[in-house]
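A.B. asks: I would like to see how this sequence folds:
(2 chains)
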There are 2 protein chains.
Amino acid sequence: MTKPSSFQEIILKLQDFWASHGCLITQPYYTQVGAGTMNPATFLRVLGPEPWNVAYVEPSVRPDDGRYGENPNRFQLHTQFQVILKPDPGNPQELYLESLKALGIDPRQHDIRFVEDNWEQPAISAWGLGWEVWLDGQEITQFTYFQQMGGVALDPVSVEITYGLERILIALNNAKAIWNEEYGAGVTYGEIRRQEEFEHSKYYFETADIERVRAMYDLFSAEADACLAQNLIVPAHDYVLRCSHMFNILDTRGAVSVAERQAFFRRIRELAKGVAVAYGEQRKGLEYPLLKESQKSKVKGQNLPATFDLRPSTFLLEIGVEELPANDVDSAYATISTRVPTLLDELRLAHGDIRLFTTPRRIVVSIDSLAPNQPDREDLVKGPPADKAFDKDGKPTQAALGFAKKNNLDPATLEAREIDGGKYVAAVVKQKGRPTPEVLAEALPKLVADIKFEKSMRWNDSGVAFSRPIRWYVALLGDTVIPFEYAGVMSGNVSRGLRPYGSPEIKIASADKYFETIREAGILLDKEERKASIVEQVNQAAALLGGEAIFGYVGATRESPLLDEVTNLIEMPTAVMGGFNPEFLALPRDVLISVMKKHQRYFPVQSKVESQKSDEASTFDLRPSTLLPHFIAIRNGDDIHIDTVREGNEHVLGARFADANFFVREDVKLKLEEYRPKLSTLTFHTKLGSMLDKSDRILKLGAEVGAMLGFKGIDEIKPLGRAVYLAKADLVTQMVTEMTSLQGIIGGEYALRSGESAEVAKAISEQYQTVPQSKVGVALALADRIDSLVGLFGAGLAPTGAKDPFGLRRAAIGVVQPLIEHGMDFDLALAVQKSAKTQPLEVTADVQKQILEFIAGRLKVVLGDMGFKHDVIEAVLAAQSNNPAGTVRALNQLSAWVGREDWSSILDGFARCVRILRSQTVDSGQWTVDESKFVDAEEKALFKAVQDTVHGQPSTVNEFLEIVTKLVPSITAFFDKVLVMAEDAKVKENRLGLLQKIASLANGIADLSKLEGF
Amino acid sequence: MTKPSSFQEIILKLQDFWASHGCLITQPYYTQVGAGTMNPATFLRVLGPEPWNVAYVEPSVRPDDGRYGENPNRFQLHTQFQVILKPDPGNPQELYLESLKALGIDPRQHDIRFVEDNWEQPAISAWGLGWEVWLDGQEITQFTYFQQMGGVALDPVSVEITYGLERILIALNNAKAIWNEEYGAGVTYGEIRRQEEFEHSKYYFETADIERVRAMYDLFSAEADACLAQNLIVPAHDYVLRCSHMFNILDTRGAVSVAERQAFFRRIRELAKGVAVAYGEQRKGLEYPLLKESQKSKVKGQNLPATFDLRPSTFLLEIGVEELPANDVDSAYATISTRVPTLLDELRLAHGDIRLFTTPRRIVVSIDSLAPNQPDREDLVKGPPADKAFDKDGKPTQAALGFAKKNNLDPATLEAREIDGGKYVAAVVKQKGRPTPEVLAEALPKLVADIKFEKSMRWNDSGVAFSRPIRWYVALLGDTVIPFEYAGVMSGNVSRGLRPYGSPEIKIASADKYFETIREAGILLDKEERKASIVEQVNQAAALLGGEAIFGYVGATRESPLLDEVTNLIEMPTAVMGGFNPEFLALPRDVLISVMKKHQRYFPVQSKVESQKSDEASTFDLRPSTLLPHFIAIRNGDDIHIDTVREGNEHVLGARFADANFFVREDVKLKLEEYRPKLSTLTFHTKLGSMLDKSDRILKLGAEVGAMLGFKGIDEIKPLGRAVYLAKADLVTQMVTEMTSLQGIIGGEYALRSGESAEVAKAISEQYQTVPQSKVGVALALADRIDSLVGLFGAGLAPTGAKDPFGLRRAAIGVVQPLIEHGMDFDLALAVQKSAKTQPLEVTADVQKQILEFIAGRLKVVLGDMGFKHDVIEAVLAAQSNNPAGTVRALNQLSAWVGREDWSSILDGFARCVRILRSQTVDSGQWTVDESKFVDAEEKALFKAVQDTVHGQPSTVNEFLEIVTKLVPSITAFFDKVLVMAEDAKVKENRLGLLQKIASLANGIADLSKLEGF
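C.D. replies: Model (predicted):
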């Protein structure tokens, strides 16, 4: 195993490796392709039932990745090594890892990770699931189980392994950049490719003639159609590829509007589908020449032993899988948490503790003291009614005979019983409890099948779908294997160890030994344990660096999505510290953090000073960044050769930062303002126009919102106007195009660099935060979000069920939350009405009402999250919801009242007034109070009390309830002595009128009837 | 050395081989190319001074080679393996042969030949010299020393080795066709490529949309310009390649006229040059990063020995070369034949016999008894004139002193001598004869340099040009090496053996042993010996096959160009008999023969019956072919594994015949007549219109020519009209496009298959023969050739000097020769005049005269070749040349007269009459004969004799000379007695008038004054 050090040696080694593993070695395609997937050796050959194993180099051209030869590992042309294995050989990951060994990459000396990747290529109607394979943080391979290609579902599924050869060379040579590494024969990669890289970057970004390229596209597209009409599949495919390349050039030249983009995609997709379907038919017509007699060796496993242990035993099920996506590790856990206990009940198996664990490689169910068998049982089975079961002679009828036969009874033994209040023939069916092994052998496949995922995939001819392929089961009751087969895999007693150790087979002697054995193998099964270990190591590492790690905790429970994800990517965490060039600290802080967290799953490190305030990563901060030029990565495995891992990760991060640097440098050639007109090329929604249209709308609405929020004077109004004007401009910058999550943040950064004021920049940067800090930011966010809500509801695009494609729930929360947190009074109804007037379509009063209700619904959720009692929320919201800040004030007050010791008497007093009114069928508006008609002293006293305390309608909960409190003695006396329902109707109505006066005090404040104890 | 049996193994082995020999291994280009040469890794990198060694696979797309997947080894896409070695490593052929060994191809088991190939790609202004490498008759590789690329002269020269991988696979597996051979991993080549081959063939030949492809070409071309303007070299080159591919598609679709073709080529060539020049500048600007310090190890050879043998010795020079083209083997022989003797004279070396030999691998000069040194000599050197050499005091002047110094003399010894009739100072310079080794060491490099070739090439940094690279010299005088260096090669005493034996080094002990040693090595140095051996073996083989070989003897000396060529391709001839599928005998006989002879250098075999009549191969014959389905090839080497060689050759021939079959089958889908309109797409000449225009012209002229040749009645006139009408139609058939040499022959064949009469078909088939057999054929040929002569002269394109680009000399011979051989009287002047009227431009009377003179010039050559005496020809031609048949009749008669014993008296008699007239200054037209003025009896007698014998002007030589014969006695008497120059002017003029009557008898018949003895 000599380590190749040149580009060509890598290629020659991979060719030899895959040739010796039964692959056909073919050549790159003769037309520019974006990826090896587009080569007919993949695109066409993965279709249909024929086996196909192939490997080839594919120089892949992606114009918009051009960096003029300046980026250390991003190029408009990179070299893929593409492998297709069809069908799945059962061990493609292991084959792949062996191929890395052939390249001299020993998994023990590196950190090799299979990181979820849901591959999708809408332009050719293709998708698959799999992973990016990371070598020390660098993506070196895409590994995909193709599910669909050209719109055609694949059967069998193909495994696609796409190596990124440049990155492998960099990794092998531990290089900073590709350029000075050897291509072969003593010539550097840079010598071979750098000048060309520069020329093509310039061509694609600057000089390609848009009109001519467009004309080429049209010609290619027409010729593709013509070829398809003649059933000339490969020529047609060639033209589709050319169309695709032309589109890429146009796109890189910035010549494709969003609306056009869809049309291009649709067109190319149609053509690709046409090619795929025609190819399928052609192969069928040829009777699939490569299809050999299926040697489907139906795996037959062990049989159950003849005798079973009669004592309760530990049961252990381990489902061994290829690396699950982080979310699926959790969802599998959730499923077995609910499913396993109920299953045991259904199976009538007594058991002790259940322990459940999930990691990226395994799903584990452990059950203590599982009964050796089901208990016997007797079931009473209800038969026909007694009167229909026996004839006049008392002999069983046909119905009774049938029932007896069905239940395997002697008809003579049938007798009638009282069941459910009627008389029926019944049978007592005795069922012998079955041995647990038997029961499990039947039940376990179903248990596995019950574990469902949001996205699942097929991989072999079992047709089973799972998150990722299942490769083994350990199923042990004590030391007995419970034999079953599911998804083409047989159960046994062999597990596999850590991926970095080569996933060695590990024999599990018995269920009881499982945890010990697995721990010895270095695997931490328990997610919480893994997480704790990570936190501890990261904190230690950060301390060594003199800083503090940014975990990015969010929400009240301070969960860290990053930590959660990282925990689910490994089975044995080891922290790796790394650094980057401090010059990159000049990049926007959020760019740095975003790259580290989102792209690389690293924990950033910042100096402790700032960290005392907050460890929130995404707060825009105008002070110099206090990030440190360091990061902490988590390796899967131990600390052998950890320097290699560190250097690899450092290289990757450096390259990514260099890329960001490229974008920023390109972007700041224009002022932010100059990007705004280009918003016309981005469609917001076809019914609502472009992003420029939206931007113009929120400019109008922003002024109204400002006024409603009390913005006054040029000092307040001007920054708002400027912020709203520039708010969306960053959407057409390269940096945001590349990292959408940085929208707003980049806008703010560029605003500053364009000479805008700090206030304007801050507002722009905050606009996508749920609660902007600045008043201007709030006003901007409100205008933006209300415009979206009103416009999209008006266009008939309100969320339905779980679907919320435009994120309107989030928008509504983003309307109420800032108002609440900033305590800003605001009339949502008015704002919606103003916004409706700016929309390019009519938004009716009805729709406006729906919008307000929708916002109120979100408000309720927010209030619940704030800890208000449900009934209190209901009480207030029933009366007021269009001013969230006011709602919260009311809630605070009401909550205080509800907490008073005398609350029940106050509530009771008020409630007595309200309740008696409810029983009246007549509308309350008809009652008037006529002092002269009062009869009893107590009612006169109450009337007086009301007159003394009530001076107009109260405006707050406190005012209202203070009045009520004062009235309570009089109310109590009134109800004790006075019969409201007097026979004299006038007297009665006068009394009701008095009570109604009291009840109406709550109007517009709260509906106390919603409260507990009312 | 395991033999790969699959396509991919061949590739992997070649990659490994060349990688281990210091080559960079790169990838096929991402754009369709016609050859690996177009990949920038060749096209650009061969430019400039930097070293470059690279190897890569290149699927090469040539639309017009598409055969719908039906041909066993011709495809629109074939796979090249391209190697570039820059500079020449000195042993590229040996490296190449080693690479074949790595593929399991042992040169001892095959016939591997380096067959001259002058590679030229005008579309990219590139050329080089080298070979096709043949493996058992199959071209498997092109081997070229690039001399120029993109219009730029290359320094250093690059060696290009281009393997044809499909053919190598076929050869390795001894397969009939590629389709069922393994591509790799158990999958056949056919499975991978055949369907696609069909689809692309159909696309290129039938469905590609001409207008769209043309539009693509225009866009690509414009974009190429734009890229060049921006100095974006690779993008520009990509577009040039696309232009080229589009052109190929258009061409395959038959959409390119000849005139357009030139424009396309010009345009692409300009672009390619632009790319090449820009690249050269770019590299220069980068200061040639790949250029390392030249390790030019100046080869230093042995010194001359201190003492020399004093006896005469044998001298031997062998110049060892890579395989010379067959013609160059002969031209080198011719050069040394004249140069060596004169050189020895110049060197003043006495010598015995000179023996000279040339083979493809060596040029040999052997000199017996070469003197050990030059004789001493004294030379008298002439100095300044005596009167300028000494001053008045008799002392030497400056001039004399200078002369003395220059000649190394004591000025005191200077004295004057009589030289050339004047007095000069002179010096006697004594020169000691130098030893022969010294003399040779100086002279031999010049001798080698004196061997010039029609086309020569450079290969290393010596800058020397030769036919092919020189790789060794043996230079021995006795057993002493004569040391010299030329073209970077040092002389020595080591020769190399036969190519098939691996060119082993052979030490030559002494010049005397050379011939014996070389013969022991199996090499036949003597061309005549090789030729005789071939003839003997071929005849034996043909006899075994029951037939007779077709050597294709031509001309009076019955030379066989094929035999000559084959003799110069080998050093050890061994005949190989092979066969082909008899079904192919249904192809036109000339197609079969042409393929065997021209393409494969095989000797065809025919049954003896026919061969008794003629062994001329190219005679069109309407009877069933009597060719036998066999051939005889000549292998270079012995008969080891000769079956392999035979099978390989059989495969190749089968494939070639299949290809011809394809063309014929495609062609006969239309009738011949239907091709005629397509002649409009072929330009004859821009000033003279298309081939259709020409065809229309000769249709008119044909009628006139027929009339002039006396065609009468519908039976004669109709076939002529039809033949002329159809004559050129075959030029647009695929078969003729493919094998231009079969023009006419194919037309005749297709005419028959289209239902034309045998007479018409025969005429069409014969039209390009110098002398058609049939009268219709002659008329057609005359019309065609006269049209060409008249039109092209009219367009100002008469041949100048050696240049005759339109073959007008041949056309003129083709006018006179048939007329002569068929004895047809014909008025050339009239024909030229008629033709002039049909031309689209004016052909003046002057030009017509030039044309007739030009034809007469050719006629003279033809007549000379017929054996007529020069003076006789001159005599007749001076009087008549516009009717070649008549001229020949006159010549025959005159020759007979000249041969008579009494000829001198006849001639003398007539000459006396003529001569005396010549001395007169007065024009003869002024003299009238007045019988009354005769004075003497003898003049009266002569006058009477004239009156008796002359009855009008004689029309033949015989008539004329019979008259003269009768007059001779009277003439003699006249001159004996009569003084013509009488003082009486009237008497004198009367006498002159009488003689003039006699002299004028020769008018229009012959000018006897041109005859010897006149």
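A.B. asks: so A:Gly547 bridges to which residues?
C.D. replies: A:Ser607 (DSSP bridges).
A.B. asks: what residues are up against it?
C.D. replies: For A:Gly547, the contact set (Cβ atoms under 8 Å, 6 or more residues apart in numbering or on different chains) comprises A:Val605, A:Gln606, A:Ser607, A:Lys608, A:Ser611, A:Leu628, A:His630. For every residue, glycine as well, the C-beta is placed using N, CA and C.
A.B. asks: quick one: contacts for the third one?
C.D. replies: For A:Ser607, the set of contacting residues under the criterion of Cβ under 8 Å, 6+ apart consists of A:Gly546, A:Gly547, A:Glu548, A:Thr626, A:Leu627, A:Leu628.
A.B. asks: want to try TSV for those, with distance to B:Ile764 and pLDDT as columns?
C.D. replies: Listed next are the contacts of A:Ser607 as TSV, based on distance: Cβ to Cβ, whole Å; pLDDT from 0 to 100:
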residue	distance to B:Ile764	pLDDT
A:Gly546	98	89
A:Gly547	95	92
A:Glu548	97	92
A:Thr626	95	85
A:Leu627	89	93
A:Leu628	92	95
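A.B. asks: Buried subset of those residues as a ChimeraX selection?
C.D. replies: Here the buried members of the contacts of A:Ser607 are turned into a ChimeraX selection, burial being counted by 16 or more other Cβ atoms under 10 Å in any protein chain shown:
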select /A:547,548,627,628
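A.B. asks: for chain A, where's the lowest mean pLDDT among helices and strands?
C.D. replies: Counting by mean pLDDT, DSSP states H and E, the weakest-scoring helix or strand in chain A turns out to be helix A:608-611, with a mean of 56.
A.B. asks: Report the separation between the residue minimising distance to the centre of chain A and A:Gly552.
C.D. replies: Closest residue to the average C-alpha location of chain A: A:Asn327 at 8.0 Å, with Cα atoms, centre = their mean. As judged by Cβ to Cβ, to the nearest Å, A:Asn327 and A:Gly552 stand 17 Å apart.
A.B. asks: Show me just the buried residues among the contacts of A:Gly547.
C.D. replies: Neighbour-count burial (16+ other Cβ under 10 Å) applied to the contacts of A:Gly547 gives A:Val605, A:Gln606, A:Ser611, A:Leu628, A:His630.
A.B. asks: what about the host helix or strand of A:Leu172, near chain B?
C.D. replies: Element membership for A:Leu172, per DSSP states H and E: helix A:165-173. No - on the criterion Cβ under 8 Å from any Cβ of the partner chain, helix A:165-173 is out of touch with chain B, staying 10.4 Å away.
A.B. asks: Go ahead and name everything in contact with that helix.
C.D. replies: In contact with helix A:165-173 (Cβ under 8 Å, 6+ apart) are residues A:3-7, A:10-11, A:57, A:72-73, A:75, A:78-81, A:103-105, A:110, A:135-136, A:138-140, A:175, A:177-178, A:181, A:189, A:648, A:651.
A.B. asks: isn't the residue nearest to the centre of chain A right up against A:Glu454?
C.D. replies: Yes - because the distance of 7.3 Å satisfies Cβ atoms under 8 Å, A:Asn327 is recorded as touching A:Glu454.
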